[in-house]
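> just coords:
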Ligand SMILES: Cc1cc2nc3c(=O)[nH]c(=O)nc-3n(C[C@H](O)[C@H](O)[C@H](O)COP(=O)(O)OP(=O)(O)OC[C@H]3O[C@@H](n4cnc5c(N)ncnc54)[C@H](O)[C@@H]3O)c2cc1C
């Protein structure tokens, strides 16, 4: 994709580079709007100048990827197809163990990310799944189903290291984050808050998980380099922002046995009463100092455990050893994506972008209009879930054997009405789960629609969300 945007260091200096014929008119329009109106009229995050990681800016990387681009630019690329070179580039401290477990790695932002582990193949022998077509069977394994099941029934370790982490600190940090995001962050240290970055028109720039670790120190779970850029552009002098992703790591310990696994490893009380949902604390797991956050993207009890990169392997080994008696497994992104869709957790950049407001996207719960001013607040005045003309909608495919991948068109009453944003087989619910943008009139549970997949019209039905554990009984206990 092209490289467009305004330099942060040299304001007024604009780039519109790496533009192919197919992008030309769209880039021209987006840049013209961006320069004159302050924002491009469509979501261009995949073209943004600041989307690259440091590791993607070396001359060697640019040369290698640039050459490859000429080969692939008009190919049909599978949605999960990773870059082939240069790999491996970025690896988490757990990488050596992941390889021992037969991790099948795909790549994102330069990181090697396990999608499943061949070591779990014996667990997949008892899993019954309908056969897949050749396209959707690429970069997929039935082992993901076994990993999803083990997460729902026992406990699994997920490598969350590649998720962007920022440290935001200084005397002005709270006021700054309050002004930048939608939710109420003025809470006691130890609180974690799900909140949104909006642009001036109320479009969703990102969703963040903000942990207040002390009065003037916040750890922000972000979506990527664009969040860092947006915060740096707005930060006052008394706020310091650092990307701590490369020097730290994170394991998600999730599943009904997560507490049995973690509690014996720490002197702190990890009971529900002492360590509530959406709370953070600094503690130790064995020899390893960690920041523990009680969050879960997979809809099961558990913690994200953060530490520095040097101690990551020790943390993994400590959890792995203690987990043996509970049947712990390592689980990959493929199971993760299935579990998060069953739970209805949105993925920014896929399910929602700057083209959508929080109410349409189903994340209006993260907006506190009465907390004081924040970027995008004025644009949201008068809007609500009720006024939304379109909605991010949960669908399930009627045929348990049918599969879609994401980005397919959705037809309501036989006419194109929207598109799929994310999709995965829901191994717990036994059919494919797809999120899609639909007009509000069609986004009513029970409505029959079709998704077009390779020319076939696949029947699907609008369903109430989330599909799994809507009362949060599995997480809040
Ligand atoms: C050698 C080469 C090979 C390429 N090969 C490919 C390829 O194989 N595949 C591919 O997809 N892309 C290719 N491209 C890129 C592609 O040509 C461009 O992406 C595309 O032409 C850009 O279209 P555009 O309309 O934005 O700009 P342009 O096509 O550059 O049009 C801009 C127009 O504005 C005019 N203009 C400039 N200033 C003024 C002014 N002040 N007043 C009035 N008019 C002005 C210019 O004369 C020009 O006609 C190639 C480019 C080059 C240079």
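Received, thanks. The shown structure was predicted, so the numbers you read here are calculated from the model rather than taken from an experiment.

> in a helix, that's where residue 171 is, yeah?
No. Residue 171 is assigned coil when assessed by DSSP: H, G, I helix; E, B strand; the rest coil, not a helix.

> For it, which non-adjacent residue is spatially closest?
Distances taken as Cβ to Cβ, 6 or more residues apart in numbering place residue 238 nearest to residue 171, at 5.1 Å, with adjacent residues excluded. All C-beta atoms are positioned from the backbone trio N, CA, C, and that covers glycine.

> now that neighbour, what's its secondary structure?
coil.

> Retrieve the pLDDT associated with the nearest residue to residue 151 once chain neighbours are set aside.
Leaving aside its sequence neighbours, residue 151 sits nearest to residue 255 (Cβ to Cβ, 6+ apart; 5.1 Å). Listed pLDDT for residue 255 reads 98.

> got it, and residue 431?
97.

> Please apply the same query to residue 69.
According to the model, residue 69 scores 87 on pLDDT.

> Counting neighbours, what do you get for it?
Neighbour count for residue 69, taken as other Cβ atoms under 10 Å: 12.

> Enumerate every residue touching it.
Not one residue lies near residue 69 by Cβ atoms under 8 Å, 6 or more residues apart in numbering.

> Kindly provide the distance from it to residue 77.
Taking Cβ to Cβ, to the nearest Å as the measure, residue 69 and residue 77 are separated by 11 Å.

> try residue 105
18 Å.

> who has more neighbours, those two?
The neighbour count for residue 105 versus residue 77, taken as other Cβ under 10 Å, is higher for residue 105 (19 against 9).

> helix or strand for that one, which one?
strand 103-108 (DSSP states H and E).

> partners of that strand in the sheet?
strand 111-117 (antiparallel) (DSSP bridges).

> List the contacts of the next helix or strand after the partner strand.
Next helix or strand after strand 111-117 toward the C-terminus (DSSP H and E): helix 121-124. Residues outside helix 121-124 that contact it (Cβ under 8 Å, 6+ apart) are 102, 141-143, 145-147, 149-150, 329.

> Please, where are all the helices along the protein?
Secondary structure of the chain by DSSP state H: the helices cover 24-37, 59-72, 95-100, 121-124, 143-153, 173-180, 225-234, 258-262, 312-323, 333-343, 358-361, 377-380.

> leaving aside the residues next to it on the chain, what's closest to residue 103?
Using Cβ to Cβ, 6+ apart, the nearest residue to residue 103 is residue 114, at 3.6 Å.

> what's the burial count for the one you found?
25.

> Repeat that for residue 294.
21.

> residues in contact with the residue of the stretch 51-200 of the chain found nearest the ligand?
Residue nearest to the ligand within the stretch 51-200 of the chain (Cβ to the nearest ligand atom): residue 73, separated by 7.1 Å. Neighbour list for residue 73: residue 20 [criterion: Cβ under 8 Å, 6+ apart].

> tell me the pLDDT at it?
pLDDT, residue 73: 83.

> ok, it to residue 66 distance?
From residue 73 to residue 66 the distance is 11 Å (Cβ to Cβ).

> Please apply the same query to residue 436.
From residue 436 to residue 66 the distance is 35 Å (Cβ to Cβ).

> Show me which of those two is the more surrounded one.
residue 436 (29 against 10).

> just checking, the more buried one touches residue 410?
Yes. Judged on Cβ atoms under 8 Å, residue 436 makes contact with residue 410 at a distance of 4.7 Å.

> Spell out which residues are contacts of both of the two.
Joint contacts of residue 436 and residue 410 (Cβ under 8 Å, 6+ apart) are 395, 418-420, 449, 451.

> Now residue 105: closest residue in space that isn't a chain neighbour?
residue 112 (4.5 Å).

> give me the number of residues near the one you found?
By other Cβ under 10 Å, the residues close to residue 112 number 22.

> Now do the contacts for it.
Here residue 112 is in contact with 87-92, 95, 105 (criterion: Cβ under 8 Å, 6+ apart).

> can you check residue 254 too?
151, 155-156, 158, 296, 298, 300-302.

> Any idea what it is bridged to?
residue 156, residue 302.

> these two touch, right, residue 91 and residue 114?
No. The criterion here is Cβ under 8 Å, and residue 91 misses it with residue 114 at 10.6 Å.

> Spatially central, which residue of the protein would that be?
Geometric centre of the chain, nearest residue: residue 347, 4.4 Å, by Cα atoms, centre = their mean.

> quick one: that residue and residue 353 touch, right?
No. The pair residue 347 / residue 353 is not scored as a contact, 10.7 Å apart, by Cβ under 8 Å.

> By pLDDT, give me the weakest of the contacts of residue 254.
Ranking the contacts of residue 254 by pLDDT, residue 296 lands last with 93.

> Nearest residue to residue 447 in space, ignoring adjacent ones along the chain?
residue 462 (4.2 Å).

> That neighbour bridge partners, please.
Here residue 462, judged by DSSP bridges, has bridge partners residue 395.

> Tell me who's in contact with the residue in the stretch 151-300 of the chain positioned nearest to the ligand.
Of all residues in the stretch 151-300 of the chain, residue 226 sits closest to the ligand, at 23.7 Å by Cβ to the nearest ligand atom. When contacts are counted by Cβ under 8 Å, 6+ apart, residue 226 touches 45, 48, 50-51, 205-206.

> closest to residue 472 among the residues you listed?
Nearest to residue 472 among the contacts of residue 226 is residue 206, at 23.9 Å by Cβ to Cβ.

> what pairs with the residue nearest to that closest one when sequence neighbours are not counted across the strands?
Distances taken as Cβ to Cβ, 6+ apart put residue 197 closest to residue 206, at 4.3 Å, once the chain neighbours are dropped. Taking DSSP bridges as the rule, residue 197 bridges to residue 181, residue 206.

> Next one: residue 197 from residue 145, what distance?
Distance from residue 197 to residue 145, by Cβ to Cβ: 35 Å.

> out of those two, which sits in the more crowded spot?
Higher neighbour count among residue 197 and residue 145: residue 197, with 27 against 24, using other Cβ under 10 Å.

> Help me confirm that that one comes into contact with residue 203.
No. With contact defined as Cβ under 8 Å, residue 197 does not count as touching residue 203 (9.8 Å).

> For residue 303, see how far away the residue nearest to residue 151 is.
11 Å.

> Excluding covalently adjacent residues, which one is nearest to residue 402?
residue 458 (5.0 Å).

> what number of residues lie near that neighbour?
By other Cβ under 10 Å, the burial measure for residue 458, its neighbour count, is 21.

> Equivalent analysis for the one 10 residues further on, please.
A total of 20 residues lie near residue 468 under the criterion other Cβ under 10 Å.

> And the closest residue to it other than its chain neighbours, what's its pLDDT?
With sequence-adjacent residues excluded and distances taken as Cβ to Cβ, 6+ apart, residue 468 is closest to residue 342, at 4.0 Å. As predicted, residue 342 sits at a pLDDT of 98.

> Let me see the contact set for residue 342.
299, 426, 428-429, 433, 466-468.

> The same query, at a cut-off of 6 Å, please.
426, 428-429, 467-468 (Cβ atoms under 6 Å, 6 or more residues apart in numbering).

> likewise residue 208?
195, 220, 222.

> quick one: stretch 151-167 to chain centroid distance?
11 Å (Cα atoms, centre = their mean, to the nearest Å).
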